[in-house]
Every structure is written in C-alpha cells, then in structure tokens.
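Visitor: Please find the sequence and the predicted model below.
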Amino acid sequence: MIYALYGLVFGALVPYMARRFGKFMPATMAYAVIQLLKPQRRVKAERILKNPRYLDLRAAYRRRSVLFALLGAVLSAAVFYKYGAENIGWYLIFVWAALLLIEIDYRWQMLPDIITVPLIIIGFGYSLMVGGWSGPGESFTGAVVGYFLPVIASLFLVWKNKDVFGGGDIKYLAAVGAWMGPDKILYVILTACAIFAVFAALKKCREGAFGPAIAAASLIWALV
C-alpha cells in the first residue's frame, strides 16, 4: 500500500529530524527548514575510535529509526482503512506530526512552536475545508478548551509542581482541540494523563515529557 510506504519513509526519518531539532532550536520556521535540509557532516573514523560509545549510540539510533518506520507504516495504513483515500493528506499531517513530536519531546523535553502553532492553523483549515472531525465552530471551541483547561489546572497544581504543564504541552493540546473539537479533546486529556501515570509508575518517576502521552492519546482517539 502506497500510504504505508509513505509512512515507513517518514517514520524512518523521525529520529534524524528530532536530533536536528535539538541542535538548532529555538529557531524561526525558515531557519528550521534550512537546517533540516542541510546535509549532515559525516563523523570521522578518528572521532569514533576516541568515543567507543558512539557505536552504541548509532545502533540505538538505528533501532529507533526502525521502530518509528514501523509505527509510521502501521498508523498510515490504519488511517487509510478508517478514512479512505479522500482527504487522507489532512489525516497524515496530524498522525505524522504526532510521531515527530513524540520523539522530539522525549529526547529534548520540548514541543517546538514551529510545529505546534502551524498545526493549530492547519486544524482550523481542515475544519473549514473538509469539516472532518469538527466544524469551524467546534474547531475553535476545541482549541480554546485544549488551551485553557490545562492553564486552569496549572493554577491549582502549580503549588506542588511549577512545571505541571509546559507551554508546548498547552499549545499542542490546543492544536489537537482545533482538529478534534471540544468533546474529543477532553477524552484526549484524560487518556494522556492515564498514559503518563502508567509511564511514570513503570519508570518510578514523578516528572517527564508529557508530549508523548498527548500524542499517543490523540492517535488513539483519531483511530477509534
């Protein structure tokens, strides 16, 4: 299937793009595009010999590329089977952005504005031109709910943890709300909290990147 192949290629590039984001962020949109497309210098053999861990890091990088390639292929195929080929480009934007944000936030503890803000705008455009998950009014309301609900929650929880919700998390939730509308964004937030709680329990930690949980929850509710 052609869409699974597209997802396979994009997923394989996710770790590479995430690594490049960590090197030049924060940045403007134009500078980010230039840096992503800029050829990467090859590491000289002398540097590899001086740092034996480089081979382990490179092997881990390849494993992550394979993992994301498989995820990209499976999710892209799932989108095709659920929504069909018509307007599939919109849905792939949402799914592929989620994959990229998972890796960026997991590695660098940030959700870049140059991804989340355009995702909000594209979500509004999606509701206006296609009206898939929500109409224009619901898209706007979903973005407002996705933005202000975490802000309100932060006001009650900030005494315990000042970084309970980061700015990137809030903007990403606003983007998901713009795509999915006010009803589903509530389910996404609750599901993301549950996913993060399970992850924190397994890792025996109380803090960490919340973006991957948001992305995973949004993918679940996009495909159910």
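Guide: Yep, that arrived.

Visitor: Can you show me the helices along this structure?
Guide: Remark: helices assigned in the chain by DSSP state H are 2-24, 29-37, 45-50, 53-83, 88-108, 113-129, 136-157, 167-203, 211-223.

Visitor: tilt between the last one and helix 167-203?
Guide: Using axes from the mean of the first three to the mean of the last three C-alpha atoms, to 10 degrees, one finds that helix 211-223 and helix 167-203 are set 100 degrees apart in direction.

Visitor: residues of helix 211-223 that come out buried?
Guide: Neighbour counts over helix 211-223 (16 or more other C-beta atoms under 10 Å) mark 211-219, 221-222 as buried. Glycine gets a C-beta too; all of them are placed from N, C-alpha and C.

Visitor: Which elements pack onto that helix?
Guide: The criterion is 3 or more C-beta pairs under 8 Å, 6 or more residues apart in numbering; DSSP states H and E, and the helices and strands that helix 211-223 contacts are helix 53-83, helix 88-108, helix 167-203.

Visitor: Now do the last one, average pLDDT.
Guide: Helix 167-203 shows a mean pLDDT of 93 in the predicted model.

Visitor: so how far is P136 from N87?
Guide: For N87, the distance to P136 equals 16 Å [C-beta to C-beta, to the nearest Å].

Visitor: Report pLDDT for S134.
Guide: In this model, S134 carries a pLDDT of 81.

Visitor: contacting residues around it?
Guide: 127, 142, 179-182, 184 (C-beta atoms under 8 Å, 6 or more residues apart in numbering).

Visitor: one step back: closest one to T116 among the helices and strands packed on helix 211-223?
Guide: helix 167-203 (4.2 Å; C-beta to C-beta).

Visitor: could you dump the buried residues of helix 211-223 to CSV with pLDDT and distance to A97?
Guide: Shown next, in CSV, are the buried residues of helix 211-223 (pLDDT from 0 to 100; distance: C-beta to C-beta, whole Å):
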residue, pLDDT, distance to A97
G211, 93, 11
P212, 95, 13
A213, 95, 15
I214, 96, 11
A215, 97, 8
A216, 97, 13
A217, 97, 14
S218, 97, 9
L219, 97, 10
W221, 96, 15
A222, 95, 11
